[in-house]
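[1] no FASTA, just this:
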DNA sequence: CGATCACGG
DNA sequence: ACGCCGTGATCG
């Protein structure tokens, strides 16, 4: 067993617990009116505004002098300066030094200005000998740490300047512009001036390399005694492919000290691996990780099943602060361990360069990746060069190439940062009203189910891809021939060239109010659609775009993701991200299977038919009918909405019946009479209400006048009185509190801050109001599906049902089911999806079955 | 790397 | 001016 420090060189730049700045021995640099280190000094009236105050207390570092500071040649004398001085006086009685990251007047700070000014800040710190430092905003943090950050969402981040804690807040100028930011800033500044850091400096922590079976037994015995264990793994290669490896596994107790690390050789050795496998599988020992869902599947496959997931710092962070980053490197800033990834990434860059050099030189060149050790990569995939040639990403393999010590130490820092973050975030999630219920009842069960879902993947037919490909290629050749008349070089994928062709060369008149935010004439579908009557070019361009999108994203885009399953047949394993959307919805990447075209066109059908059942099996699609409207009815308690739902009428049809006399001057007495076009328009209006769409936009979509759109909106809201009240009340409450809430089982659940509600700009405030209304609806609906994922997954496992849960798409589940079990599985999936508490509002689930996802037909199930 | 476009719910 | 939440391809 080798024991080493987590931070062997505390003076190394950018190391957590170390020093980012040169602090001693330099000349006095805190002021230089003749400074030419960056161009800012030329624009400033008084270059190099000096620091001000007395040493021995707190140093507050702002971003840069403003107009008032430039004129007075003193820091913090303008509006926000006075605001800051008053607040500081409230909470700090000792000496204060006021300084800026950039010492010349600037409209905005650029990283190069910060870099040029860093020696001045270093000199100030050297002289001020502070007991604490406050970084007032991103520029100050950048100067002090070398790292970028988002102060608004990275609340209460801190780090260490030697033994001196550095606390992050937003810039006081930002606080002055927004009352919700001000509220946070004042809380955080009080914390920064009065609190002790929640964790000590991590630089004396130790990591131990597990080398022998005896080491492994000792590590496991020590870890088993802990209340829970933080586990983190590093990998190399592409998951679901043969070259995929677990490169190392680190585990530590909540204290983080020591952190035990198994390298690849130890994982490959069954005797050294066994104690770790027993520990991971022990249901009596809780496991904590960062995005532990991704670790569950490969640890399960390569080491052994992981039981008892106690916490996930990424998901906890996203519950506690949905707008903040969920990356461990950012979460690490909350425990004073930020920057732990920088050293590793520097090693990765060196390793990748070394690999490229060596590959070019025929494999002869040496690898020398860090100065202090023998060049010893973790392992190198034998066929890496080949894999890279066939399109694999270097990034996914780079951890296999770095120096072994570097990787293992990084892995240890990850596990320790996760352990400490869990100690910070676990209590926060438990303390905040509602979050604990979402975590225990929805998110944790879902997260474990998602690991299984990703492992299953979606069955794919390569023949169907080829058929789709041939179909698209033929059509595209045809369209290209038509486009050639505008020039062989004409590129319809370039908005610039399309603009030039349509509006300069062909002199088509753009419709009114269709400029993009940057002031250019838009070439979006809507615009081209309008121009179709005047010339053939817009139509050709639209056709080309549609086909190119389909081919690039939904046809060719699927091929790189094909992986053979146990039977040798192709599947696609997308990543489902449980924290993908700020509302609580899952997102889906690599590839995104949540935006495959729908089946209303031939191309859509072909795109979805790529996902096809195996012989003897079928695809089963179960989707909540109009879930968001039902949620809106639930949240508002609206009796009219409920009446439509209670009657079992399609909700949009019901709405059409309500508004028909106003909009089309007809009166429907029976849902069966409602014209499809009227149902579609009602759907448009329902969407408009839930999303806060403006009347102008609704009018355009309904091809009617602004006045008419307003009349219809008011008519619907006049009928759905409680919904109208709920919208008003929700907006009002969010404007008071600055956040929105979702609901679960009759009580507030998720929490989302909406800072734009406090913005001075009216347009941004309106954005905030729309979010305040939409978030509770979208987020509450999301948890109905999230909870369904967990229930269905557990049911399949507990009943050993011949079924696979393949995909979750916002309000729907896609399953792969053995033909003879369809009735039973579908009936139970539907039953489980309908089992969530909905305050008496009836839910409905449509079930469709077919050989492939694009060829489904609805089935009726016993009640 | 931001902007634009296009696909889904 | 006026639609919420996403991912991905492509351009400049």
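    Cool, got the structure. For clarity, every value in this text was computed on a predicted model and none was experimentally measured. Numbers count the residues shown, from 1 in each chain, chains lettered A, B, ... in the order given.
[2] Show the model's pLDDT score for the residue of the stretch 151-300 of chain A found nearest DNA strand C.
    With C-beta to the nearest atom of the strand, the shortest gap between the stretch 151-300 of chain A and DNA strand C falls at residue A:153, namely 12.5 Å. To be clear about C-beta, it is placed using only N, CA and C from the backbone, and glycine gets the same treatment. On pLDDT, residue A:153 comes in at 94.
[3] ok, now which ones touch the nearest residue to it once chain neighbours are set aside?
    Computed as C-beta to C-beta, 6 or more residues apart in numbering, the closest residue to residue A:153 that is not its neighbour in sequence is residue A:324, at 3.9 Å. Applying C-beta atoms under 8 Å, 6 or more residues apart in numbering to residue A:324 gives the contacts A:150, A:153-155, A:317-318, A:330.
[4] neighbours around the closest residue to residue A:599 other than its chain neighbours, how many?
    Sequence neighbours aside, residue A:605 is the residue nearest to residue A:599 in space, at 4.7 Å (criterion: C-beta to C-beta, 6+ apart). Residue A:605 sits with 18 neighbouring residues when counted by other C-beta atoms under 10 Å.
[5] what about residue A:605, distance to DNA strand B?
    Distance from residue A:605 to DNA strand B, counting by C-beta to the nearest atom of the strand, to the nearest Å: 11 Å.
[6] where does the residue minimising distance to the centre of chain A land in three-state SS?
    Centroid-nearest residue in chain A, with C-alpha atoms, centre = their mean: residue A:580, separated by 4.5 Å. Following DSSP: H, G, I helix; E, B strand; the rest coil, we place residue A:580 in the coil state.
[7] And the lowest mean pLDDT element among the helices and strands of chain A?
    helix A:384-389 (a mean of 70; mean pLDDT, DSSP states H and E).
[8] need the next SSE after that helix, C-terminal direction.
    helix A:398-401 (DSSP states H and E).
[9] Isn't residue A:821 up against residue A:802?
    Yes: if you go by C-beta atoms under 8 Å, residue A:821 and residue A:802 touch, sitting 4.9 Å apart.
[10] still on that earlier bit, for the residue nearest to the centre of chain A, which residues are in contact?
    A:586-589.
[11] Looking at these, which are in strands?
    Mapping the contacts of residue A:580 onto strands (DSSP state E) picks out A:587-589.
[12] export the residues you listed to TSV and tack on pLDDT, distance to residue A:542 and neighbour count?
    Output for these, formatted as TSV (pLDDT from 0 to 100; distance: C-beta to C-beta, whole Å; neighbours: other C-beta atoms under 10 Å):
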residue	pLDDT	distance to residue A:542	neighbour count
A:587	93	28	15
A:588	93	27	18
A:589	93	28	12
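[13] and DNA strand C, which of the residues you listed contact it?
    A:587-589 (C-beta under 7 Å from any atom of the strand).
[14] Which one of those is nearest to DNA strand B?
    The closest of these, once distances to DNA strand B are taken by C-beta to the nearest atom of the strand, is residue A:587, at 7.8 Å.
[15] Show me the beta-bridge partners of the closest one.
    Note on residue A:587: beta-bridge partners by DSSP bridges are residue A:577.
[16] what about stretch A:540-559, how long is it end to end?
    End-to-end distance of stretch A:540-559: 27 Å, with C-alpha to C-alpha, to the nearest Å as the criterion.
[17] Does that stretch reach DNA strand C?
    Yes: applying C-beta under 7 Å from any atom of the strand, one finds stretch A:540-559 in contact with DNA strand C at A:548-549, A:552-553, A:557.
[18] Report the buried members of those.
    residue A:553 (16 or more other C-beta atoms under 10 Å).
[19] And the residues of stretch A:540-559 next to DNA strand C, which is closest to residue A:354?
    Distance to residue A:354 across the residues of stretch A:540-559 next to DNA strand C (C-beta to C-beta) is lowest for residue A:557, with 32.3 Å.
[20] Quick check: that closest one is in a strand.
    No: going by three-state DSSP, the assignment for residue A:557 is helix, not a strand.
[21] wait, isn't it in contact with residue A:590?
    No: counting by C-beta under 8 Å, residue A:557 stays clear of residue A:590, with 10.3 Å between them.
[22] Next secondary structure after whichever strand or helix holds residue A:59?
    Assigned by DSSP H and E, residue A:59 belongs to strand A:58-62. Using DSSP H and E, the helix or strand that follows strand A:58-62 towards the C-terminus is helix A:67-72.
[23] In chain A, where is pLDDT below threshold?
    Applying pLDDT under 70 to chain A flags the ranges A:9-30, A:358-383, A:389-391, A:513, A:517.
[24] near DNA strand B, which residues of it?
    Going by C-beta under 7 Å from any atom of the strand, the residues of chain A near DNA strand B are A:495, A:516-518, A:520, A:522-525, A:528, A:542, A:545-546, A:549-550, A:594-598, A:600, A:604, A:623, A:778, A:809-812.
[25] ranges for the strands of the stretch 601-750 of chain A?
    Using DSSP state E, counting those that start in this stretch, the strands of the stretch 601-750 of chain A run over A:617-624, A:739-744, A:747-753.
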